[in-house]
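S.K.: Need coordinates for the following:
(2 chains)
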Amino acid sequence: MTLATPPEEVVPLEPLEELWHDPPGLVGFLTTVDHKRLGVRYIYTSFAFFFASGLMALAMRGQLSEARADLLGPGTYNELMTMHGTTMIFLFNTPVLAGFGNYFVPLQIGARDMAFPRLNAFSWWVFLFAGIFMYSSFLIGKPPDGGWFGYTPLTSSTFSPGLNIDFWGLGIVFVGISTTVGAINFIVTIFKLRTPGMSLNRMPIYVWSMLVFSFMVLFAVPAVSLAAGLLELDRLFGTAWFVPALGGSVLLYQHLFWFWGHPEVYILFIPATGMVSMIIPVFSRRPLVGYLWIVAALAGIGFLSFGVWVHHMFATGIPPLAMSVFAAASLVIAIPSGVQFFAWIATMWQGTVRLATPMLFCLGFLFIFLAGGITGVMVAVMPFDWQVTDSYFVVAHFHYVLNGAVVFPIFGAMYFWGPKMTGRALSERLGKISFWVMFIGFNVAFMPMHILGLLGMPRRIYTYDRGLGWDGINLLVSVGSVAFATGAGLTLLNWIRAVRRKEPVPDDPWDADSLEWATTSPPPEYNFAALPVVEGRHPLWDRRPLRYATAGGPGTEGVTAVGAVERRTPVTEGFDTRPEEDLRIPRESWVPVATALGIAVLFVGLLVNAEIMAVVGVVGIVVAAGVWAWRTEEDLR
Amino acid sequence: MTAVAPVAVPIAPAVHRGRSVTWWGMLMVIATEGTIFLCLLASWYFLWAASKEWPPAGVELPDLKLALPFSFVLWGSSIPVVIAEHALRTNRIGTFRVGMAVAFVMGAAFLVSTAIDFNALHYGWRDHAYGSAFYTIVGLHAIHVLVGLVMNAVVQVKAALGRYDRGHHRSAEAAALYWHFVDGVWVFVFPSLFLAVHFQ
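M.R.: The predicted structure follows:
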């Protein structure tokens, strides 16, 4: 059955395909503005970085598997450590979540695309170019080596001459553009493009989580862009922001960095919990318990996370009273996290749990997040933090929260939404094997790190002496990391196999509740011929058959199949979601890639200190953005 | 699951028409850019609090002779923009163009005054953190004024070519909002960088 098909007499579907199709080949690739193509691209690009980053981690674990190993030298180790962390935060976790959001937010709110489709394409191109920019440092043998946090004065030009750190500092500013632009797009899309009936209190939790994610990005990313940007001003132009001898402050760098850095943890975590809140109810066969409580928890975490950054700086000599405030906030944030946790447990308790692969990843997440949350409360307590700071205990803690509690939901989402995106069935058997190998490998790799930390092993060291009692545990950690990598590789294999085997899946293989399952797998370019009309929180559970719009007012026909024919999607009023006007979805365009290319030229120019190149880049940006602004009225009318 | 035919419903449009998505998008740009300035001003006060003397000994205080009057020119330039916006809503394109042109001249005059002030300073941004902060913050704001001027110019050309005649003027609304933002930021930057250091 195809629920996406509206009353057949309204619209013949074949001409639609032609109307919406991108041009074939390279031109279509460069110019597309389709949120689904871009979403998949985001996910594929991020996973390429994920596996690159994983290989770096394996190399580091090889070096640390025994005392005094000589697989990597100290310099190479520093480079891999820096790029591993930088990649995981900036080039995998954040963009992969944006990728899922790109694909599923418009589908879940019943829109035909994002509010700014060309900006969406721009955002992906910037992300791609920024990633290539940072990774090109390997080609000339100068990868960043100052740690993913880039603390100055180590990263100042005095102590780190050469391009290594510049690749990092400029790269962070570069990729920040992509993240910010994406967040703006999500916020406007979620507020203004919801289909009739999709009021705020009926939005899927995943959409809520992307909304909180976006607002946090909006207010946090400027701080890290500024930290890295001012560092580059110091390095490239000789300013004195972080030069103590001239009145600058290295502590200021840490404040700016962590003002972003701690919200960032929740920026990654919140959409991951949003995914979990979608998956658990579907495989428990009942609506989520405590919808409003979870929304409040998401918003609460969003606010509180801006008040905890100093807990990364307990060892820097800040006045005790100030530190106590931040420690208290860090403890309080456990409360909304706990609210979510109990809501998930209650949902499963009252439901009938089906242990499919996506659900297994969610259960694995619950276990890992619990452990990571507990160690989080431990390090929020200052005296404890002073004991374990800069030790492997901290490494263990943040891998439990950032790797375990974010990557596991992402893998769950790959199994949950993968069939929707590709239209191909993933193997459940291989998925379950992959989960168990990953889950056991993860805990074997990271649980013993807590002990290593308590035994006094410092983080960021490239080797250690025999006889400190660390040898056997380090070997165990390395074996676990190989297992974890193997498990992740099995999912990659599963994905490739599914795409090759072309075994089709039904529209709604999980019997799920949200709107993305009301259309075909994969969805057509226009998402829904006529837009569905929502009457509750669980459109596909509340009412079968779903209702579709058949008539709109003057200028708001976009809700009906007319929208699919004329590339229009309705802009709706924020609260009761009545259509105000139609938004014309722009056709494929060269301006996004051209503008992104201009930015890339500018950054390369800054990197190699070629003023002419930087100027060319700026001119390129102005011209491309000018063309873009020029066409706005025509395209959006 | 059984195959069932979908049910169809008519959808009534909203009575009131809200702001365009472009306007909302610009508001979000402003939110994030405003945070950049907030962080910069926080950094300014952070460095100030950590220093013995601010500005360092022997460094001149910012000169207010040009800065003060031209700050009012910049703030005042929001008035013709408001008039222009109103004209746009009532479809008086001529008034709109005049308003934007007046604002353009006022913004440009402010930029020239900033350049003259910069030129007269006896220190550079490499000399000390005070200089780095002063040049970075005032310079970044000047770049924002410049971007506002470019937007203003684009909007004026579009208006001159009759592109706003049929009640579609999202880019003009967005440019106007951005203009107010640039003026608004100066409400915080000017007292912090130019005035407060005089009253220690």
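S.K.: looking at it, residue A:214 is touching residue A:188, isn't it?
M.R.: No. The pair residue A:214 / residue A:188 is not scored as a contact, 9.3 Å apart, by Cβ atoms under 8 Å. Quick note: C-beta positions are derived from backbone N, CA and C, even for glycine.
S.K.: In the chain, where is pLDDT below threshold?
M.R.: Let's take chain A. A:1-15, A:632-637 (pLDDT under 70).
S.K.: The chain in question should be chain B.
M.R.: For chain B, applying pLDDT under 70 flags the ranges B:1-6, B:166-167.
S.K.: which non-adjacent residue is nearest the residue of the stretch 51-200 of chain A found nearest chain B?
M.R.: Among all residues of the stretch 51-200 of chain A, residue A:184 sits closest to chain B, at 4.1 Å; criterion: Cβ to the nearest Cβ. Excluding its sequence neighbours, the residue lying closest to residue A:184 (Cβ to Cβ, 6 or more residues apart in numbering or on different chains) is residue B:28, at 4.1 Å.
S.K.: what's the distance between the one you found and residue A:194?
M.R.: Between residue B:28 and residue A:194 the computed distance is 17 Å (Cβ to Cβ, to the nearest Å).
S.K.: Report the distance from the longest helix belonging to chain B to the chain centre.
M.R.: Longest among the helix segments of chain B by residue count, using DSSP state H, is helix B:129-160. From the chain centre to the centre of helix B:129-160 is a distance of 7 Å (Cα atoms, centre = their mean, to the nearest Å).
S.K.: Same question for stretch A:157-174.
M.R.: On Cα atoms, centre = their mean, the centre of stretch A:157-174 falls 24 Å from the chain's centre.
S.K.: Same question for that stretch: list its buried residues.
M.R.: By 16 or more other Cβ atoms under 10 Å in any protein chain shown, the buried positions in stretch A:157-174 come out as A:157, A:160, A:163-174.
S.K.: Ok, stretch A:333-345 next?
M.R.: Burial within stretch A:333-345, assessed by neighbour count using 16+ other Cβ under 10 Å, is assigned to A:333, A:334, A:336, A:337, A:339, A:340, A:341, A:343, A:344.
S.K.: Looking at these, which is nearest chain B?
M.R.: Using Cβ to the nearest Cβ, the buried residues of stretch A:333-345 come closest to chain B at residue A:333, 20.9 Å.
S.K.: show me the residues around that closest one that make contact.
M.R.: Counting by Cβ atoms under 8 Å, 6 or more residues apart in numbering or on different chains, residue A:333 touches A:301, A:304, A:305, A:308.
S.K.: 10 Å instead?
M.R.: A:262, A:266, A:300-301, A:303-305, A:307-308, A:311, A:373, A:376-377, A:380 (Cβ atoms under 10 Å, 6 or more residues apart in numbering or on different chains).
S.K.: Over to residue A:459?
M.R.: A:81, A:147, A:389-396, A:398, A:449, A:452-453.
S.K.: and the residue lying closest to it once chain neighbours are set aside, how many neighbours?
M.R.: Distances taken as Cβ to Cβ, 6+ apart place residue A:395 nearest to residue A:459, at 5.0 Å, with adjacent residues excluded. Counted with other Cβ atoms under 10 Å in any protein chain shown, the neighbours of residue A:395 add up to 20.
S.K.: Would you mind measuring from residue A:395 to chain B?
M.R.: From residue A:395 over to chain B the distance is 29 Å, taken as Cβ to the nearest Cβ, to the nearest Å.
S.K.: what kind of secondary structure is that residue in?
M.R.: Secondary structure state of residue A:395, per DSSP: H, G, I helix; E, B strand; the rest coil, is helix.
S.K.: Buried ones in stretch B:183-195, by neighbour count?
M.R.: Going by neighbour count (16+ other Cβ under 10 Å), the buried part of stretch B:183-195 is B:183, B:185, B:186, B:189, B:190, B:193, B:194.
S.K.: closest to residue B:7 among the buried residues of stretch A:333-345?
M.R.: residue A:343 (32.4 Å; Cβ to Cβ).
S.K.: helices and strands around the helix or strand containing that closest one, which ones?
M.R.: Element membership of residue A:343, judged by DSSP states H and E, is helix A:334-350. If contacts are counted by 3 or more Cβ pairs under 10 Å, 6 or more residues apart in numbering or on different chains; DSSP states H and E, helix A:334-350 sits against helix A:250-284, helix A:291-304, helix A:357-380.
S.K.: so which of those gets nearest chain B?
M.R.: Taking Cβ to the nearest Cβ, helix A:250-284 is the member of the helices and strands packed on helix A:334-350 nearest to chain B, at 5.4 Å.
S.K.: near chain B at all, the closest one?
M.R.: Yes. Against chain B, helix A:250-284 shows contacts by Cβ under 10 Å from any Cβ of the partner chain at A:251, A:252, A:253, A:255, A:256, A:259, A:260.
S.K.: Is it correct that residue A:581 falls within a strand?
M.R.: Yes. Checked against three-state DSSP, residue A:581 lies within a strand.
S.K.: Near chain A, list only the ones from the buried residues of stretch B:183-195.
M.R.: With Cβ under 10 Å from any Cβ as the criterion, the buried residues of stretch B:183-195 include none near chain A.
S.K.: Between the residues you listed, which sits nearest residue A:512?
M.R.: Distance to residue A:512 across the buried residues of stretch B:183-195 (Cβ to Cβ) is lowest for residue B:185, with 46.0 Å.
S.K.: dump the residue contacts of residue 169.
M.R.: Answering for chain A, as no chain was given. Contacts for residue A:169 (Cβ under 10 Å, 6+ apart) come out as A:144, A:146, A:150, A:152, A:155, A:227-236, A:606-607.
S.K.: other chain: chain B
M.R.: Neighbouring residues of residue B:169 by Cβ under 10 Å, 6+ apart: A:632-633, B:20, B:22, B:85, B:88-89, B:91, B:93, B:96, B:155, B:158-159, B:163, B:175-176.
S.K.: Narrow the residues you listed to those that are buried.
M.R.: Among the contacts of residue B:169, those that count as buried by neighbour count (16+ other Cβ under 10 Å) are A:632-633, B:20, B:22, B:85, B:88, B:93, B:96, B:155, B:158-159, B:163, B:175-176.
S.K.: and which of the residues you listed is nearest residue A:101?
M.R.: Of all the buried ones among the contacts of residue B:169, residue B:22 has the smallest distance to residue A:101: 20.8 Å, by Cβ to Cβ.
S.K.: So the residue nearest to residue A:184 is in contact with residue A:182, correct?
M.R.: No. Between residue B:28 and residue A:182 there is no contact under Cβ atoms under 10 Å: 11.1 Å.
S.K.: what touches both of those two?
M.R.: Joint contacts of residue B:28 and residue A:182 (Cβ under 10 Å, 6+ apart) are residue A:214.
S.K.: Where does the closest residue to residue A:282 other than its chain neighbours fall, secondary structure wise?
M.R.: Leaving aside its sequence neighbours, residue A:282 sits nearest to residue A:512 (Cβ to Cβ, 6+ apart; 4.5 Å). Using DSSP H and E, residue A:512 sits in no helix or strand.
S.K.: what sits against residue A:512?
M.R.: Contacts here follow Cβ under 10 Å, 6+ apart; on that basis residue A:512 touches A:278, A:279, A:281, A:282, A:283, A:416, A:417, A:420, A:518, A:538, A:540, A:541.
S.K.: can you check residue B:132 too?
M.R.: A:230, A:233-234, A:237-243, A:246-248, B:47, B:124-126.
S.K.: Buried subset of these, written for ChimeraX?
M.R.: To isolate the buried ones among these in ChimeraX, judged by 16+ other Cβ under 10 Å, type:
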select /A:230,233,234,239,240,241,242,243,246,247,248 /B:47,125
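S.K.: Which residue ranges of chain B form strands?
M.R.: B:7-10 (DSSP state E).
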